[in-house]
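# Based on what follows, work out the 3D shape:
(2 chains)
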Amino acid sequence: MIRKLVTSTRKTALPGDHPALAENGAAPARILVIEDDADVAESLCLLLESYGYETLCAVDGVAAFERLKQGKLPDLILLDLMLPRMNGWEFREAQLADTRLREVPVLVLSAVGELAEPIEADQLLRKPFSPEKLIETIELYRRRT
Amino acid sequence: MKMKLRQNPSIRLEIEELRQRLHEAEETLNAIRAGDVDALVVSGPAGEKVFTLEGAEHPYRIIVETMNEGAVSLSAAGVILYCNSAFARMVARPLEQIMGNELAEFVPAERRDLLRSLIRQSREQATRAEMMVVADSGTSIPAQFSLNPVDLEEGPAIGVVITDLSERLRNEEAQAAVRIRDDFLAIAAHELRTPLSALTLRLGLLERHAAKGDSGQVLSSARRAQDQAERIGRLIDRLLDVSQLAGGASKLQLAPCDLGTIVEGVAERMMEEASHAGSELQLSITHGVNVVGDKLRLEEAIGNIVSNAVKFGSGQPVGIELEGRKSTATLAIHDCGIGIPPEELAHVFGRFERSSNSRNYGGLGLGLYIASEIIRQHGGTIRAENRPTGGTSFTIELPRTKILPE
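Numbering: from 1, shown residues only, chains lettered A, B, ... in the order given. Down below sits the predicted model:
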């Protein structure tokens, strides 16, 4: 359970230009961004794409589930908490209840100072975060398939 | 063994004396019971001793007189037999002008029957109620009435303790205000962090494009970063707006204006936001409905209500209807969205208020407050109702003016 921002877990080398590309030339890592603020979602996706990630976007938990039903699973989910229809907590609960989806690691991105309710997630990044911190954390947690 | 009493004169005398003493003792007890005796003098080996008969009643009288609560005893019919000075202070009337009146006279007219029925009920069992106590001066204070059956020698009566709740209510209000402010600070921080985070990401992107020497992308990222900085600026303006409105410092620039034109302008401006949310704006405008108002402020107020309807409208159409009645302009804005819990309808226009239904939506919770303040400053009214078919309807009414052609 994560209540507060964990500043750093371990040191990694600063990400290179294309950390998302596997050495053997396999498909780039796929990231699902669940974020209702259009500006944040767009800038997040563009930044991730500039690092070589493939991105998918969903405005809330309901849309995210629709995306997850089709096609290949993402290697990591970036999850905002305050979302209409199905919020971050509800999404996470439903995701953990699904045997196919539960394996996908989740980084919570939140602008809330102190979480009203704790959330079970791999890591929490508090907004605003630096692009370097974001890439570093993604590289720590993403699935390598 | 039987004694032959008659045959012994000394015993007869002794009996007579004891009978006399018994009679005196009985008389004394009766006098004490009747309250005719204040003190008893008892002779003993150490001389005479005085026993006063105030008993336990005296300290109780002092307590009743010095307590902060009003204390009143009532006849079974609800007439005041006795009251303490605290009650006299509450109703701002001298003690002697209170006794003999009905207690119900000291509560608002519309609550009198309720109090009478509580008094009847309290002959059997203790009851409690909160209502206002009205003073002669017309001022009233919130109070709790606690009524208890009492058995007096004169017959059954009712003891009433009346507690002034003003201070408790003031404390509760102050605590609620602090809570609302704390919530607001948390929401404001959340709302400011969101564009700040978009700004940080844009700058990160800009840095990457600059490192690659891609000047086209650098320019586009810089522009988008600028957009986010402006968004933060608008949020701050909105916060300042609220403190101005609350302090009454904002001045209206009044001029005659056509409300229909204002509404159309707002709808045009909101079109993009609405289509992004999947909502269609359906306009039904009567032209020539004129009001005297501050055009920019009215645009802001109407814009806030439309934006609210779009935001909580669940992607369904939002209706905007302007009608001119005889002396009022009526603008109704309705959505088919999540609605507002009935118990929260009365508070939606409060500063920093956000409906519990809106917790997962962004926003400062200031839009409706700003709108209602602007409408109020224009001498108009605004109300929110849930629609039977789902969603919420906001109705703005503004005083209409006739403008003669120049």
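
# can you count the residues close to the closest residue to chain B within chain A?
Residue nearest to chain B within chain A (C-beta to the nearest C-beta): residue A:131, separated by 3.1 Å. The C-beta positions use only the backbone N, C-alpha and C, and glycine is treated the same way. Neighbour count for residue A:131, taken as other C-beta atoms under 10 Å in any protein chain shown: 22.

# isn't it right up against residue A:47?
Yes - using C-beta atoms under 8 Å, residue A:131 is in contact with residue A:47, at 5.6 Å.

# Need the overlap of contacts for the two.
B:201, B:204-205, B:208 (C-beta atoms under 8 Å, 6 or more residues apart in numbering or on different chains).

# tell me, which helix in the chain spans the most residues?
Defaulting to chain A. In chain A, with assignment by DSSP state H, the single longest helix is helix A:38-50.

# my question was about chain B
When chain B is parsed with DSSP H, its longest helix is helix B:166-212.

# which intervals of chain B have sub-threshold pLDDT?
B:1-7, B:32-40, B:42, B:50-57, B:243, B:246-250, B:351-365, B:402-406 (pLDDT under 70).

# quick one: contacts for the residue of it found nearest chain A?
Of all residues in chain B, residue B:204 sits closest to chain A, at 3.1 Å by C-beta to the nearest C-beta. For residue B:204, the contact set (C-beta under 8 Å, 6+ apart) comprises A:47, A:130-132.

# if you set the cut-off to 7 Å instead, what comes out?
By C-beta atoms under 7 Å, 6 or more residues apart in numbering or on different chains, the contact set of residue B:204 is A:47, A:130-131.

# Likewise for residue A:46?
If a contact means C-beta under 7 Å, 6+ apart, then residue A:46 has residue B:205 as its contacts.

# Please work out the angle formed by the directions of the longest helix of chain B and helix A:38-50.
Note on geometry: by axes from the mean of the first three to the mean of the last three C-alpha atoms, to 10 degrees, helix B:166-212 and helix A:38-50 are set 30 degrees apart in direction.

# isn't residue B:107 right next to residue B:129, touching?
No - using C-beta atoms under 7 Å, residue B:107 is not in contact with residue B:129, being 9.7 Å away.

# which one of the two has more residues nearby?
Of the pair residue B:107 and residue B:129, residue B:107 is the one with more neighbours under other C-beta under 10 Å, namely 20 against 16.

# Please, which helix or strand holds residue B:370?
Using DSSP states H and E, residue B:370 falls within helix B:367-377.

# Spatially central residue in chain A, please.
For chain A, residue A:78 is the residue whose C-alpha lies nearest the centre (C-alpha atoms, centre = their mean; 1.7 Å).

# partner residues bridging the closest residue to it other than its chain neighbours?
Using C-beta to C-beta, 6 or more residues apart in numbering or on different chains and skipping residues adjacent in sequence, the residue nearest residue A:78 is residue A:33, 4.9 Å away. Judged by DSSP bridges, the bridge partners of residue A:33 are residue A:57, residue A:78.

# Tell me who's in contact with residue A:33.
A:41, A:44-45, A:55-57, A:78.

# Enumerate the residues of the stretch 51-200 of chain B near chain A.
Selection of the stretch 51-200 of chain B residues close to chain A by C-beta under 7 Å from any C-beta of the partner chain yields B:186, B:189-190, B:193-198, B:200.

# actually the stretch 201-350 of chain B, not the one I typed
Within the stretch 201-350 of chain B, the positions near chain A by C-beta under 7 Å from any C-beta are B:201-202, B:204-205, B:208, B:228.

# Out of those, grab the one that's most surrounded.
residue B:201 (29 neighbours).

# Kindly tell me how buried residue B:119 is, as a neighbour count.
Residue B:119 has 23 neighbours, counted by other C-beta under 10 Å.

# Show the contacting residues for it.
Residues near residue B:119 by C-beta under 7 Å, 6+ apart: B:74, B:78, B:147, B:158.

# ok, now with 8 Å
Residues in contact with residue B:119 (C-beta under 8 Å, 6+ apart) are B:74, B:78, B:103-104, B:147, B:158.

# Kindly report the same for residue B:125.
By C-beta under 8 Å, 6+ apart, the contact set of residue B:125 is residue B:149.

# A helix includes it, no?
No - under DSSP: H, G, I helix; E, B strand; the rest coil, residue B:125 falls outside any helix and is assigned coil.

# how far away is it from residue B:118?
For residue B:125, the distance to residue B:118 equals 11 Å [C-beta to C-beta, to the nearest Å].

# related to what we said a few turns ago, the residue of chain A closest to chain B: what's it in contact with?
By C-beta under 8 Å, 6+ apart, residue A:131 lies in contact with A:47, B:200-201, B:204-205, B:207-208.

# try residue A:43
Residues near residue A:43 by C-beta under 8 Å, 6+ apart: B:198, B:201-202, B:205, B:224.

# and residue B:25, how many neighbours?
As a measure of burial, residue B:25 has 10 neighbours, counting by other C-beta under 10 Å.

# quick check, it in a helix?
Yes - assessed by three-state DSSP, residue B:25 belongs to a helix.

# Can you tell me how far it is from residue B:12?
In terms of C-beta to C-beta, residue B:25 sits 21 Å off from residue B:12.

# now do residue A:60
Distance of residue A:60 to residue B:12, given as C-beta to C-beta: 111 Å.

# Repeat that for residue B:83.
58 Å.

# Can you pick out the residue with more neighbours from these two?
Of the pair residue B:83 and residue B:12, residue B:83 is the one with more neighbours under other C-beta under 10 Å, namely 25 against 12.

# is that one in a bridge, and if so with what?
Counting by DSSP bridges, residue B:83 forms beta bridges with residue B:72.

# correct me, but it touches residue B:74?
No - counting by C-beta under 8 Å, residue B:83 sits too far from residue B:74 to count as a contact (9.4 Å).

# Need the contact partners of stretch B:137-147.
With contact meaning C-beta under 8 Å, 6+ apart, stretch B:137-147 is reached by B:70, B:90, B:92, B:108, B:115, B:118-119, B:121-122, B:126-135, B:158-166, B:169.

# Please repeat the previous calculation with a cut-off of 6 Å.
Surrounding stretch B:137-147, the residues in contact under the criterion C-beta atoms under 6 Å, 6 or more residues apart in numbering or on different chains are B:92, B:122, B:127-130, B:132-134, B:158, B:160-166, B:169.

# do stretch B:211-227 as well
With C-beta under 6 Å, 6+ apart as the test, stretch B:211-227 has contacts from B:199, B:202-203, B:205-206, B:209-210.

# Now tabulate those in JSON lines and tack on distance to residue B:282.
JSON lines is the format used below for the contacts of stretch B:211-227 (distance: C-beta to C-beta, whole Å):
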{"residue": "B:199", "distance to residue B:282": "36"}
{"residue": "B:202", "distance to residue B:282": "36"}
{"residue": "B:203", "distance to residue B:282": "41"}
{"residue": "B:205", "distance to residue B:282": "39"}
{"residue": "B:206", "distance to residue B:282": "41"}
{"residue": "B:209", "distance to residue B:282": "43"}
{"residue": "B:210", "distance to residue B:282": "46"}
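
# who wins for most neighbours among those residues?
Neighbours here mean other C-beta under 10 Å. Within the contacts of stretch B:211-227, the largest count is held by residue B:202, at 27 neighbours.

# That one: what's it in contact with?
Contact partners of residue B:202, counting by C-beta under 6 Å, 6+ apart, are A:43, B:221, B:224-225.

# ok, now with 10 Å
Residues in contact with residue B:202 (C-beta atoms under 10 Å, 6 or more residues apart in numbering or on different chains) are A:39-40, A:42-43, A:46-47, A:131, B:220-229.

# Then residue B:295?
Residues in contact with residue B:295 (C-beta under 10 Å, 6+ apart) are B:252-259, B:261-262, B:265.

# Out of the residues you listed, list just those in strands.
Those of the contacts of residue B:295 mapping onto strands are B:255-258, per DSSP state E.

# Pull out the buried members of those.
Buried subset of these (neighbour count, 16 or more other C-beta atoms under 10 Å in any protein chain shown): B:257-258.
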